[in-house]
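Visitor: need a structure here:
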Amino acid sequence: MTDADADAPIPKPRYQEHPRMFADEPGRFILACILVPFVVGIVWLVAWYIQVRCTLVTVGDERVLLTRGVFSKERLEIELESIRTVRVDQTFVDRIFNCGILKIYTAGDNPELLQGGMPDPERLRSALRT
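Guide: Model prediction:
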């Protein structure tokens, strides 16, 4: 590595987001809020928040990266060239809160990457297609 490589700016990803808690599962969120006076709701919300903040989808110039995990990490990397189909499913509630379920297919009938609660699905789809 030369000094020029070290000084080169890191390219900004096309899309980088964490899933949304409330928008992804509003019923679960409301139930957790109802249980807050019983302390169970606080523990549930904190654990859920940590889980969501430790999940990140990044679309770069060459690949899609999904990182999950608190104590042990799971990293799934897919080359943009190998993506066959991108599917974003939105329920009525998802459309209200502008989020969706991302499904990326590379080969076969099962999605290689599946992640719910992704914000701004149109920006995500365009980042994967351009």
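Visitor: so where is this protein shaky, pLDDT-wise?
Guide: Counting by pLDDT under 70, the chain has low-confidence residues at 1-10.
Visitor: in stretch 66-74, what's buried?
Guide: Leu66, Arg68 (16 or more other C-beta atoms under 10 Å). C-beta: built from backbone N, CA, C; applies to glycine.
Visitor: stretch 25-33 too?
Guide: Across stretch 25-33, burial judged by 16+ other C-beta under 10 Å covers Glu25, Phe29, Ala32.
Visitor: quick check: the closest residue to Val36 other than its chain neighbours vs Gly27, distance?
Guide: For Val36, ignoring the flanking residues on the chain, the nearest one in space by C-beta to C-beta, 6 or more residues apart in numbering is Ile42 at 5.6 Å. Counting by C-beta to C-beta, to the nearest Å, the separation of Ile42 from Gly27 is 18 Å.
Visitor: how near is the most centrally placed residue in the chain to Ser72?
Guide: Nearest to the geometric centre of the chain sits Val57, at 4.2 Å (C-alpha atoms, centre = their mean). Distance of Val57 to Ser72, given as C-beta to C-beta: 18 Å.
Visitor: let me see the ranges of the helices in this structure.
Guide: For the chain, the helices defined by DSSP state H cover 3-7, 21-24, 26-34, 40-53, 92-96, 121-129.
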